[in-house]
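**Q** give me a 3D structure for the following:
(one chain, ligands or ions: 1)
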Amino acid sequence: MQGGNGKVNPFEIAKQQVDIVKEYLDVGEGVIEKLKHTKRDLIVHFPVKMDDGSIMMCTGYRIVHNDVRGPAKGGIRYHPDVDLNEVRALSMWMTWKAAVVNIPFGGAKGGVQCNPKEMSRTEIENLTRRFTWEIAPLIGPESDIPAPDVYTNPQVMAWIMDTYSILKGYSVPGVVTGKPLEMGGSVGRLEATGKGVFITAREAAKYRDLPMEGARVVIQGAGNVGGVAAQFFDKAGAKVIAISDSKGGIYNPKGLNLDSALACKRHYSCFLTDKLEAEEITNEELLELKCDILVPAALEGQITSKNAPNLKCKIVVEGANGPTTPEADNIIFERGIFLVPDILANAGGVTVSYFEWVQNLQELLWSEEEVASRLENILTRSFREVVEIAEKKKVNMRTAAYILGVGRVAKTQELRGIYP
Ligand code: NAD
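**A** Reported below is the predicted structural model:
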């Protein structure tokens, strides 16, 4: 399970998760084997012009795991730790996620190994445009549609859309989602993943008879997913008692002043305890805090067999992709902690990305209410479907979500058959 650098190999975990559910699926072994492979791994090495006139060589990936149910869909990540196995795992999780919420997309993911925190805006633009040019032959509104992920944002999507459109000779808004509103983005997309995390947490709390009012919430990661989810919890009367970023976290058992905390992060790019009524904690300590709802919303491999026995929460809602290892899953289940798996908990993003793509293709603009009510319906329905499977088959929520998601993809694969 561990790579040479001691890092958990997420692709091995992703494949293991499929093996766990195969006994529940009524499809042949060959179909399952196919689903454990990616369809296409594109690796590109490309030069980026830096501000000082030098050239930086970068490695980027665009992986399609599966597209039997529709065009492949998945974000693009800029991070120093991006590698082939991480992107493969993330692409596979996208396939199951789209299937769990039953939208007609397959799974893809992309990434560039780089540190955007040490790059200027111009350098990030140069990198984005050149990377888009490299992957342009394979992406497109009918084939493979990128979106934002860790350390990418609507501006990066705007550069991808512009570069792709220049290559085509006409505007192609449907090539990416998560665009700025001014150029074909959808209302509600920016907050969709964090909002979806809140909606599924709310459903989990109802299911476990835990009142949201006053519930103590701990969040790892304060970006598009963690930061936005925190605001929804706060608005609903829950108490966010701890939140973190890559440098560490802040904690106040009485509840943080969230507006000040997020304003501090926006202003200084970190949480400053002397400006906030909070004590400093590490990301490791944060995960083990006593709370009602724990939301890992940063990177994969955070909850392992080492720290799972020490969790002191009642519910885990996975904002991040792949934050929990299969060994930790078993420990969490045995300890009676209710876990909402990533492929359900953070599916709000791909759902509203789907709405954005539909609007782009039909040249429509939906209202905020239309987007919000469709998202609410899809996520609450999917939550119910997963809970029903978990109860019927007496399995944990991840296995139930996989039975639903992998099952739908496997059935489609079987109906389409293997060509020739
Ligand atoms: P982001 O770049 O907006 O934010 C990432 C956050 O994580 C930042 O606050 C960063 O400081 C923090 N972080 C980075 N390394 C960390 C570490 N080692 N420990 C603690 N915190 C760390 O990214 P995001 O879009 O919020 O993505 C977060 C997670 O959610 C990822 O796993 C991503 O794949 C997943 N996700 C994102 C979306 C989306 O729509 N953006 C959709 C589904 C899933």
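
**Q** list the contacts of the residue in the stretch 201-350 of the chain that the ligand sits nearest to.
**A** As assessed by Cβ to the nearest ligand atom, the ligand sits closest to G223 within the stretch 201-350 of the chain, at 1.8 Å. Using the backbone N, CA and C atoms, a C-beta is placed for each residue, glycine as well. The neighbours of G223, taking Cβ atoms under 8 Å, 6 or more residues apart in numbering as the test, are V150, D245, A297, A298.

**Q** doesn't C270 make contact with the second one?
**A** Yes: with the criterion set as Cβ atoms under 8 Å, D245 and C270 qualify as a contacting pair; they are 6.4 Å apart.

**Q** who's more crowded, these two?
**A** Taking neighbours as other Cβ atoms under 10 Å, D245 and C270 compare with D245 leading, 19 against 13.

**Q** give the contact list for the nearest residue to that one once chain neighbours are set aside.
**A** Counting by Cβ to Cβ, 6 or more residues apart in numbering, D245 lies nearest to A222, which is 4.9 Å off, once chain neighbours are set aside. A222 makes contacts with A230, I243, S244, D245, L262, K265, F271, A297, as judged by Cβ under 8 Å, 6+ apart.

**Q** backbone dihedrals for the residue of the stretch 201-350 of the chain closest to the ligand, both of them.
**A** Recorded main-chain torsions at G223 are phi -100, psi -150, according to degrees, to the nearest 10.

**Q** and stretch 283-296, what's buried?
**A** Neighbour counts over stretch 283-296 (16 or more other Cβ atoms under 10 Å) mark N283, L286, L287, E288, L289, C291, D292, I293, L294, V295, P296 as buried.

**Q** up against the ligand, what does this structure have?
**A** Residues of the chain lying near the ligand by Cβ under 6 Å from any ligand atom: 148-151, 193, 220-226, 244-246, 283, 297-299, 319-321, 346, 349.

**Q** in PyMOL, select just the buried ones from these.
**A** Entered in PyMOL, the line below selects the buried ones among the residues of the chain next to the ligand, by 16+ other Cβ under 10 Å:
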select buried, resi 148+149+150+151+193+220+221+222+223+224+225+226+244+245+283+297+298+299+319+320+321+346+349
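
**Q** give me the subset of the residues of the chain next to the ligand that lies in helices.
**A** Under the assignment DSSP state H, these contribute T193, G226, N283, G349 to helices.

**Q** kindly indicate which of those lies nearest P71.
**A** Closest approach between these and P71, by Cβ to Cβ: G349, at 16.0 Å.

**Q** next up, the contacts around that closest one.
**A** Going by Cβ under 8 Å, 6+ apart, G349 touches G75, A147, G178, R189, A192, T193, G196, V225.

**Q** recalculate using a threshold of 6 Å.
**A** Taking Cβ atoms under 6 Å, 6 or more residues apart in numbering, we find G349 in contact with A192, T193.

**Q** sweet, I'm off.
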